[in-house]
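>>> Compute the structure for the input listed below.
(chains A and B)
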2 protein chains.
Amino acid sequence: MLRLQLPRRLYSTAIPKKTVAQFLTVGPAESISNARITGWVRSTRKSKTEQFVDVSDGTSLRPLQAVVPRAMGTDIRVGASVRLYGDWVPCATQDMQTHELKVSSLEVIGPSDPKTYPIQKKYQSSEYLRSIPHLRSRIPLNAALLRLRSDAIAAVTRFFNEQNFVQTQPPIITSSDCEGAGEVFTAATGSAADQSKPKNKPADHFFRSPKYLTVSSQLHLEALAHSVGDVWTLSPTFRAEHSDTSRHMSEFYMLEAEQMFVDDMATVMSLLENLLRATVSEITTSTAAKDLRKAVSSLRHQEPELAADADVLQRWAGMGSEAPPWPRITYTEAVELLQKAQAEHGTQLFETPAPQWGEGLASEHEKWLAAHISEREAPGWRTPVFVTHYPQAIKAFYMMPTVATESQPGPASDSRTARQQQQDTVDCFDLLVTDVCEIAGGSMREYRLDNLLATMAERGMALPKDAHGGRSTAGLDWYVDLRRWGTAPHGGFGLGFDRVLSYLSGIPNVKDVVAFPRWYGRCDC
Amino acid sequence: MLRLQLPRRLYSTAIPKKTVAQFLTVGPAESISNARITGWVRSTRKSKTEQFVDVSDGTSLRPLQAVVPRAMGTDIRVGASVRLYGDWVPCATQDMQTHELKVSSLEVIGPSDPKTYPIQKKYQSSEYLRSIPHLRSRIPLNAALLRLRSDAIAAVTRFFNEQNFVQTQPPIITSSDCEGAGEVFTAATGSAADQSKPKNKPADHFFRSPKYLTVSSQLHLEALAHSVGDVWTLSPTFRAEHSDTSRHMSEFYMLEAEQMFVDDMATVMSLLENLLRATVSEITTSTAAKDLRKAVSSLRHQEPELAADADVLQRWAGMGSEAPPWPRITYTEAVELLQKAQAEHGTQLFETPAPQWGEGLASEHEKWLAAHISEREAPGWRTPVFVTHYPQAIKAFYMMPTVATESQPGPASDSRTARQQQQDTVDCFDLLVTDVCEIAGGSMREYRLDNLLATMAERGMALPKDAHGGRSTAGLDWYVDLRRWGTAPHGGFGLGFDRVLSYLSGIPNVKDVVAFPRWYGRCDC
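From the prediction side, this is the model:
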């Protein structure tokens, strides 16, 4: 019988460990004898007889202070992982901390040479830190960001669960590159040599034809909404854009929701507003948010582009449940306001001239609108602002054209001129905030088969229905099918999860709120 | 001023809608006047004066019965989406349902032609249904699967939140293809024409060198664990395997967790066991699970490979919180048992001969072990079974070699022969269940810098430390860095989320529990 080397025991005898965060909440008069603490050394200083060691395990911004008798002869250095044993007792003077660990024995598990350790106590630029993402999260600020993200995921999960939305996992590899031709990643296989051969036959492709990394889960969510009703997902999405701005990455998390049997876009906007209010109110009272706020504050004199503390608090309040209803204005009004502001303040107001009706909004316009409209409609509150009903021509094919309601009649269709038709809008909205600009976008979806095919035909995505039975030429037959049997009104939105965290934390570059950011030319680790 | 067409109102006046599931839980004596119901027609039958219409909105397996006077002259057909108004009143005879909707008016929103509708009332094979994933989830069974998955995500999120684990979003596009050379997808960009040009220069690649879709988030989770301690993620992972088995897909969801400052693998195994017990106990009492069980039962005479109902209940019980502790045996014992069984029952017992020590276990061996060991250790319960301490040679480079404990001394290292050394094991485990085989795998990680580099050097993944400073040659320098400063013991696991859902639902092919499955040659929609 082969049993030359006996394994370790198969059942655990480990005592549950206490985190630094848990030690720090022990009552001021309480003590814990024979405490055991594991963590990493954040800083040390020495007196004649003792070494004071700040230990962190990532669970709190504030480290735990350990007092090590120098007689132990151990040299404890920044970055090392340690296991400390001793008594957790109230301090004599409680000005900085209530307790300290009187160390009776210790073990340096993983040493660290501060001379070579890439994370230094002194200030290091965010650009440098982006080059070492595998170590960057050891910095208290970045650890707090990780915890805030975790709190945010838990909060949105709870919100949708309470609203009876079904959380789904739509596919990442998809058949269509519908939204931005050329700006998608392809899921390829085979060696570099294989990849340099032309791929013309189905057998040349793993999936028999080229497949792409999803740019949005929306189309698949629509399919699932036609089965179980209201659905949502928090999924990675991909764009192969060559731009390098503070708001874009090649890989980012989108929170997308789709509401079934909804006629009124205002319902979808309210869902988004309620989601964000509930989430922000919950997570900004968490330890992670408080820790993050402190960490950002302490860095502000080196990085002036970080939002001021008062600004951060305003962002939290304006997005929270106490804020007044978020203003909702139309694109048409937005364009008028921008033109009027430019007329009043002169051409130096915007670098990009104010848009004409039919043109897109530049990010500086979005910023101006977010600040101006929230101040006008909810003075003193920095609320997000909805801008609705953009021109159809500059929006995606799947959006529902605006139908004038009875109480607000539009022009009779037969009397419309070509000029008027150009000004057709779709039932869509963007959610804008200061600094980060667009954080979410949504729309009602065109659910009428003939109308969808007509729009797709106009855009060269399908053959017209009457002539050829209405087939998509963009790999979207399946999407058209959703309208072929049992179609119904629905709408939804996509929320840039990383952008929201960037806005709430006051960290302007979205690459700094993601653990391992990917963008054009950069994919470290 | 341009305002030719007035938009719809910007604030909602919609009345919150009630789902079919909510209507079905109305008390037996209660009525609801002026009810409004939206959904899809599941089936219809006609009497002389009335049309009986079963309506579903995906929130429950059981449809809601509506009674439409034929005098209305509306022809309601299977697959159509409808909006029905009327009174929800107790039935005269309550044998099939307690209530029915007496329809006073109705609207067919989206018609459906049953002749062309690809989803038919009659039995359709799961293979056919896989070809229409965009419509498949409209089938009650598949809708219940979506809801069960949602419940499962909510349950694991709550579990880890209560255990103070940080939920993370590790990257999907990664630098290393460490685990299965050639079996990874590459994230490529550019047109088909671009892709046929050789890529030799950094500028030929979007990220300046080839990047891959992650096969596991483990390595990145390890980095994050060295910052905030215990971490987890539920993320998509990718394998470009050419195999087409009932247990493999090219894209699948893995739940991965990493525990920091853990010395004992039994702690990690218990975390996995506790996670599954808590989750399974919670979700198997949900409506989704009950609905799914009924839906599977009704299909079983057409698809005999579906697990029997008694079997499904046994799976739920064996994985739930009432079950005895899950058996834990070593690989060495597993091999002995397999060899003994083969000796007793003859060579016809297994298609693949029982393994010799050092060989991997075939899936039929795993199935036999799962059944045999759970029956031996926990008779009457179908518990999962842990198999631990596999040979190092057949396991991944990052796994921690087994160190004999004091109470169970191994051979002194200087007296070990080459034969004995071959039988070195690593601290790792697989979790096996009947039918689906391996649902999870985990290990302690090699956290000692020199040992990790030595193993990587042996496998051609790195230069030995003494000779060249210990650099990885596999794009894993960053992973090695985690051991360079402040390393500490840690371990974790990866759980095949789709496989667990397949096992719990009794649906043997994992492609049938995923909304849009992808596998070799197939990526529909």
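
>>> near chain B, anything from the helix or strand harbouring residue A:39?
Remark: residue A:39 resides in strand A:32-46, with elements defined by DSSP states H and E. Yes. Residues of strand A:32-46 contacting chain B under Cβ under 8 Å from any Cβ of the partner chain: A:38, A:40, A:41. In this view, the C-beta of every residue, glycine as well, is placed from N, C-alpha and C.

>>> outside of stretch A:118-129, which residues touch it?
Stretch A:118-129 is contacted by residues A:43, A:78-79, A:114, A:132, A:135-136, A:138-139, A:142, A:299, A:302-303, A:509, A:512, B:485 when judged by Cβ atoms under 8 Å, 6 or more residues apart in numbering or on different chains.

>>> how about that stretch: buried residues?
By neighbour count on 16 or more other Cβ atoms under 10 Å in any protein chain shown, the buried set for stretch A:118-129 is A:118, A:119, A:126, A:129.

>>> Put together JSON lines for those, with pLDDT and distance to residue A:391 on each row.
Below are the buried residues of stretch A:118-129 laid out as JSON lines (pLDDT from 0 to 100; distance: Cβ to Cβ, whole Å):
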{"residue": "A:118", "pLDDT": "96", "distance to residue A:391": "50"}
{"residue": "A:119", "pLDDT": "94", "distance to residue A:391": "49"}
{"residue": "A:126", "pLDDT": "94", "distance to residue A:391": "38"}
{"residue": "A:129", "pLDDT": "97", "distance to residue A:391": "42"}
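
>>> So which of those residues are in strands?
Judged by DSSP state E, strands contain none of these.

>>> which ones are touching the closest residue to chain B within the stretch 401-525 of chain A?
Closest approach between the stretch 401-525 of chain A and chain B, counting by Cβ to the nearest Cβ: residue A:487, at 3.4 Å. Contact analysis of residue A:487 by Cβ under 8 Å, 6+ apart lists A:226, A:447, A:448, A:449, B:81, B:109, B:110.

>>> what do you get if the cut-off is 7 Å, keeping everything else the same?
A:447, A:449, B:81, B:110 (Cβ atoms under 7 Å, 6 or more residues apart in numbering or on different chains).

>>> Let me see the backbone angles for it.
For residue A:487, the backbone dihedrals (degrees, to the nearest 10) come out as phi -70, psi 160.

>>> hmm, back to that, compare the residues of strand A:32-46 next to chain B and tell me which is most surrounded.
residue A:40 (26 neighbours; other Cβ atoms under 10 Å in any protein chain shown).

>>> Pull out the buried residues from the strand holding residue A:39.
Per 16+ other Cβ under 10 Å, strand A:32-46 contains these buried residues: A:32, A:35, A:37, A:38, A:39, A:40, A:41, A:42, A:44.

>>> re the thing from before, grab the two from the buried residues of stretch A:118-129 that are most spread out in space.
A:118 and A:126 (14.1 Å; Cβ to Cβ).

>>> circling back: contacts for the strand holding residue A:39, please.
Residues contacting strand A:32-46 (Cβ under 7 Å, 6+ apart): A:17, A:20, A:23, A:26, A:51-57, A:63-64, A:70, A:76-88, A:101, A:121, A:138, B:261, B:486.

>>> Quickly run through the sheet partners of it, with directions.
strand A:50-56 (antiparallel), strand A:81-90 (antiparallel) (DSSP bridges).

>>> tally of neighbours for residue A:389?
26.

>>> measure it to residue A:370 for me?
17 Å (Cβ to Cβ, to the nearest Å).

>>> Also residue A:380?
15 Å.

>>> Please say which of the two ends up with more neighbours.
residue A:370 (25 against 10).

>>> That one: helix or strand, and which one exactly?
Counting by DSSP H and E, residue A:370 is part of helix A:363-377.

>>> which other residues reach the helix or strand just after that helix?
Downstream of helix A:363-377, the next assigned helix or strand under DSSP H and E is strand A:385-388. Residues outside strand A:385-388 that contact it (Cβ under 7 Å, 6+ apart): A:269, A:326-331, A:334, A:369-370, A:373-374, A:428-432, B:7, B:10.

>>> Show me those residues that map onto strands.
A:328, A:329, A:330, A:428, A:429, A:430, A:431, A:432.

>>> Closest one of these to residue A:349?
Using Cβ to Cβ, the ones in strands among the contacts of strand A:385-388 come closest to residue A:349 at residue A:432, 17.4 Å.

>>> anything in the longest helix along chain A near chain B?
For chain A, the helix that runs over the most residues, judged by DSSP state H, is helix A:140-162. Yes. Residues of helix A:140-162 contacting chain B under Cβ under 7 Å from any Cβ of the partner chain: A:142, A:143, A:146, A:147, A:149, A:150, A:153, A:154, A:157, A:161.

>>> the inter-axis angle of that helix versus strand A:32-46?
Interaxial angle, helix A:140-162 versus strand A:32-46 (axes from the mean of the first three to the mean of the last three Cα atoms, to 10 degrees): 140 degrees.

>>> where does helix A:140-162 sit relative to the chain's centre, distance-wise?
10 Å (Cα atoms, centre = their mean, to the nearest Å).

>>> for stretch A:291-299, same thing?
19 Å.

>>> Any part of that stretch near chain B?
No. Judged by Cβ under 7 Å from any Cβ, stretch A:291-299 stays clear of chain B, getting no closer than 11.2 Å.

>>> average model confidence for that stretch?
For stretch A:291-299, mean pLDDT rounds to 96.
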